[in-house]
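Visitor: show me how the following folds:
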Amino acid sequence: MKQLLFLFLTLCYASLSAQEPSIPVKLLSNALAGPQRYVGTDAFGWKYTIVENEFRKEKDNKTMRYKSVSLGEIYKADLQNPLQIILFYRKFNTAVLLDNQLNETTRINFSNVPQPLITEAIGLASQNRLWIYDITTQQLGLYDLIQKNFKTITPPFSDNIKYYQSDYNYFYWIDTSNKCFMVNLFGNVGFLGIIPEYDQIQLLTSSEALIKKGNALYLYNLETQTQKPIALVEKSFQSFHYTAQILSIFTDSEINTYKIILSK
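Guide: The predicted structure follows:
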């Protein structure tokens, strides 16, 4: 009897979920694309990609390039400030800072700084500082680019980082238990909620995230633990990127750009 009741409730939930209204999108553009890893688009319309480990900035048939053969694979790029782009080469424990022409301005090997670090995560913070998660201490801190010193701001993390992103004032992360947290510049940590399993995620606010699972995209609310499907036409896609009501969907051969309004 209990098994029948459980099955009935499961089917009811599935039916309700299927009836959840999807969020509409409006196609803005479609472009063919070769093999590339899309990083983002800045406020000036420049598109950033990584092709064969070369970092590229493109707009109106103009392309700028940066590549460091000696540092290996680009693990992550931070585009918060187009005048101070950060490339993180995790395998070589190194960050490279670029100007808006993709000229290298600073290179930091964290193994060679006065207080050596083994960097797992890095992002641009305010006041010429970098967010740094150090594996050795399992603590998050701030690295001062001028003073060249590192100051921890949190206790050791209880679990490893599975995903992270940051802005000038906050560092967000999801641990291997799918718990989501945020911390400010003063080290005040807040628990945001549990994230369901995902293939790709982008946190939009402290309470909302876009989640790719399989070939479906959802807007997930961390507070209510509910999700709304995004009405995409693609049968399959590799990845996505969202910024300022513009949703970019990347398939094997093209980039589709949509206008989407996620706010209530």
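Visitor: helix or strand for residue 190, which one?
Guide: Assigned by DSSP states H and E, residue 190 falls within strand 189-194.
Visitor: state the mean pLDDT of that strand.
Guide: In this model, strand 189-194 has a mean pLDDT of 97.
Visitor: residues making contact with it?
Guide: 154, 172, 178-183, 206-207, 222-223, 225 (C-beta atoms under 8 Å, 6 or more residues apart in numbering). Glycine gets a C-beta too; all of them are placed from N, C-alpha and C.
Visitor: and of these, the nearest to residue 140?
Guide: residue 154 (4.6 Å; C-beta to C-beta).
Visitor: measure the closest one to residue 147 for me?
Guide: Computed with C-beta to C-beta, to the nearest Å, the distance linking residue 154 and residue 147 is 20 Å.
Visitor: got the contact list for stretch 61-75?
Guide: By C-beta under 8 Å, 6+ apart, the residues outside stretch 61-75 that reach it are 50, 53-58, 87-92, 94, 96, 98, 101-104.
Visitor: which of these fall in strands?
Guide: Mapping these onto strands (DSSP state E) picks out 50, 54-58, 87-89, 94, 96, 98, 104.
Visitor: for those residues, pick the one with the most neighbours.
Guide: residue 87 (24 neighbours; other C-beta atoms under 10 Å).
Visitor: roughly how far apart are residue 200 and residue 212?
Guide: 4 Å.
Visitor: mutual contacts of these two, please.
Guide: With C-beta under 8 Å, 6+ apart as the test, residue 200 and residue 212 both reach 239-240.
Visitor: burial count for the closest residue to residue 156 other than its chain neighbours?
Guide: What sits nearest to residue 156 in space, not counting adjacent residues and going by C-beta to C-beta, 6 or more residues apart in numbering, is residue 138, at 4.1 Å. Residues contacting residue 138 under the criterion other C-beta under 10 Å number 17.
Visitor: so residue 138 sits right up against residue 159, yeah?
Guide: No. If you go by C-beta atoms under 8 Å, residue 138 and residue 159 don't touch, sitting 9.3 Å apart.
Visitor: closest to residue 250 out of the ones in strands among the contacts of stretch 61-75?
Guide: residue 50 (12.5 Å).
Visitor: and the closest one, how far from residue 65?
Guide: From residue 50 across to residue 65, the span is 11 Å (C-beta to C-beta).
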